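A.B. asks: Below is the sequence, then the predicted model.
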Amino acid sequence: MIPPVIEPLLARGEIGGRTVQILDNGEVECHDYPLTPLADDQVRVRTVRSAISPGTEMTFYGRGATNVYLHKHWNEELRLFEAGAPSLEFPLPFGYRAAGEVVDSRSSNVPAGTRVFGSWRHTEFASLSAAQVSSQKLPDELSWDDAVDLAQMAPICLNGVAYAEGQQVGSPAVVFGAGPVGLITAQLVRHTGASPVYLVDRIASRLAVAAELGLEPVDASAESDVAVLVKRRHGAAGIPVAFECTGSTGALHEAIRVVRRRGVVVALGFYQGEGRGLVLGDEFHHNGIEIRCGQIGNIHPSTSMEELRTAAIGLACSGELVLGGLPRLTLPVERVADGFAALTRPAEVLQVALAYGAT
């Protein structure tokens, strides 16, 4: 029997075949769902690769899942979370990093075999509009591992950089967190003309990746005070902007400490629960720091999602932005439970991709 929450997704063709879903006990599984007929001007994409978000998706995972949509009701009219029935129900198909090829088409403009990137769920088959596919074709020079980050992950980071509004150009910048978001953001910050770009983390393997990309790694586990280190090098007024990419409110506090008086902190992390380690009576208060939320649901007024995706493609094609070259563990989609478990060991695994069979 198909759960009621799944029925509309099937009717719209948003999922089909082998599909990842999170259960009410916190576990994750791969379930096989039937395909629905295509409508006119729709195409069916067979997923070749998807990637698990080590941030947002992990907030839905496990018995102690913290994602606010599982605990409160989102009132879209008021744009407030309220007490009441949670906005999301289980089983929960999720995902937003995907790429695949067209295998069936009801449009003369999109032939079978077209390679496409997108933000659909971890599912073997997804029905998309022909117009959407036409605007999200994958350039020949980019790999499937590049492709999974073109629709959402790279735009998340580009949008975050847009919120700095150019204040980082020609100055040093600091990025907190050498996960996928931090590694991509740091490359983009450097591309805008910031130098040097410090990337702060505690995990040696991630700092090694940062060094390979030509960034300046800072080991937070070895430094007693990162802000003191950086400000002694560049002066109290040396860092106009810092980017917080970990989702840790403790790291957000350190980002506040590292920027100059009236500096800017762009917050890209998805912060869970109360603000542990965030002390607003210290540097935030005394230095007049501005915190800007760079969340992708609030695109900077200077740009659009289409422009962010176009920029990501251009930078990836030119080699200025490394996406698919970032380390990842790739598993068959049937082993998705192993993939989620691996992401609980960040010292060993940076990110996890799921494969759906030969192309």
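C.D. replies: That came in fine, so what should we check first?

A.B. asks: so residue 43 sits in a strand?
C.D. replies: Yes. Using DSSP: H, G, I helix; E, B strand; the rest coil, the assignment for residue 43 is a strand.

A.B. asks: Excluding chain neighbours, what is closest to it?
C.D. replies: residue 105 (4.4 Å; CB to CB, 6 or more residues apart in numbering). Every residue, glycine included, has its C-beta placed from N, CA and C.

A.B. asks: Wait, residue 205 touches residue 350, no?
C.D. replies: Yes. Here residue 205 reaches residue 350: they are 7.4 Å apart, a contact under CB atoms under 8 Å.

A.B. asks: list residues touching both of these two?
C.D. replies: residue 327 (CB atoms under 8 Å, 6 or more residues apart in numbering).

A.B. asks: Going along the chain, name the strands of the stretch 1-150 of the chain.
C.D. replies: For the stretch 1-150 of the chain, applying DSSP state E, counting those that start in this stretch gives strands covering 17-22, 28-33, 42-52, 73-75, 80-82, 92-93, 98-105, 115-118, 125-129.

A.B. asks: Could you say whether residue 228 sits in a helix, a strand or coil?
C.D. replies: Per three-state DSSP, residue 228 ends up helix.

A.B. asks: Number of residues surrounding it?
C.D. replies: Neighbour count for residue 228, taken as other CB atoms under 10 Å: 12.

A.B. asks: Residue 205 and residue 350: which is more packed in?
C.D. replies: Shown here are residue 205 and residue 350; by other CB under 10 Å, residue 350 has more neighbours (21 against 14).

A.B. asks: which element is the more buried one on?
C.D. replies: Using DSSP states H and E, residue 350 falls within no helix or strand.

A.B. asks: and it, what does it touch?
C.D. replies: So residue 350 contacts 54, 179, 180, 205, 206, 209, 326, 327, 328 (CB under 8 Å, 6+ apart).

A.B. asks: distance of it from residue 228?
C.D. replies: To residue 228, residue 350 is 28 Å away according to CB to CB, to the nearest Å.

A.B. asks: If we ignore the residues flanking it in sequence, what's nearest the residue most central in space within the chain?
C.D. replies: Centrality entry for the chain: nearest residue to the mean C-alpha point is residue 153, 4.1 Å, by CA atoms, centre = their mean. Spatial nearest neighbour of residue 153, excluding adjacent residues (CB to CB, 6+ apart): residue 97 at 5.8 Å.

A.B. asks: doesn't residue 148 make contact with the one you found?
C.D. replies: Yes. Applying CB under 8 Å, one finds residue 97 in contact with residue 148, separated by 4.3 Å.

A.B. asks: If you count surrounding residues, which of these two has more?
C.D. replies: Using other CB under 10 Å as the criterion, residue 97 and residue 148 rank with residue 148 on top: 32 against 28.

A.B. asks: what number of residues lie near residue 108?
C.D. replies: 8.

A.B. asks: what's the domain layout of the chain?
C.D. replies: 7-149+326-355, 154-293 (automatic domain parsing).

A.B. asks: Export these to CSV and append columns for mean pLDDT and distance to residue 307.
C.D. replies: What follows is the domains of the chain, written out as CSV (pLDDT from 0 to 100; distance: least, CB to CB, whole Å):
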stretch, mean pLDDT, distance to residue 307
domain 7-149+326-355, 96, 12
domain 154-293, 97, 9
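
A.B. asks: Verify the stated contact: residue 295 with residue 268.
C.D. replies: Yes. Using CB under 8 Å, residue 295 is in contact with residue 268, at 7.4 Å.
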